[in-house]
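**Q** Just to be clear, the model below is a prediction. Sequence and coordinates:
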Amino acid sequence: MTVTASEPLRLNGPSGSARVRRKPRAYRRVAVRCGCWLEHEQVTIFGTTVDLGRGGLFLRTALPMPPGVAVRVTLRLPGSETVIADAKVVRRVDAHEGDRPGLGVRFECLPEGEDSLSAFLFGNLESEPEASDSTADAST
């Protein structure tokens, strides 16, 4: 069975009910709240990021956009230059799923601000304490 980054892995729980476990991310993410715009054709969505990594972000928004849609992302990172990325929506969380609504976005290309994004993430990841193997949650 092949699982892509945007495809959840479904496992049967002890009661036979299905539970979902996503494939581990290729890049670590940091919790960061900053303004973010997603542009698609004649639609622009503004929201606040929840987390951000070299490979993408999660954006808090109630406006739906289906997975597979290509978007242009504009990020205003605190203390950094603007980052612009060509990206794709890979996950949508609706309000009825028990979490606040939002969109998971995977970066395809960073035409502007790649160095700013890398420096911002490096500074934030370096200040984050390392989790030991005994306390790390392998399912996230």
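**A** Arrived safely, thanks for sending. Numbering: from 1, shown residues only.

**Q** Need phi/psi at V89.
**A** Backbone torsions for V89, taken as degrees, to the nearest 10, come to phi -70, psi 130.

**Q** beta partners for it?
**A** V105 (DSSP bridges).

**Q** Likewise for L75?
**A** Counting by DSSP bridges, the residues bridging with L75 are C36, V83.

**Q** For it, the count of nearby residues, please.
**A** Counted by other Cβ atoms under 10 Å, the residues lying close to L75 total 24. (Glycine included, C-beta is placed from N, CA and C.)

**Q** was I right about it contacting E81?
**A** No - with contact defined as Cβ atoms under 8 Å, L75 does not reach E81; the gap is 9.7 Å.

**Q** residues shared between the contacts of those two?
**A** Common neighbours of L75 and E81, using Cβ atoms under 8 Å, 6 or more residues apart in numbering, are G113.

**Q** Tell me which residues are up against stretch 75-82.
**A** Here stretch 75-82 has contacts from 32, 34-36, 49, 52, 57, 74, 83-85, 112-113, 116-117, 119-120, using Cβ under 8 Å, 6+ apart.
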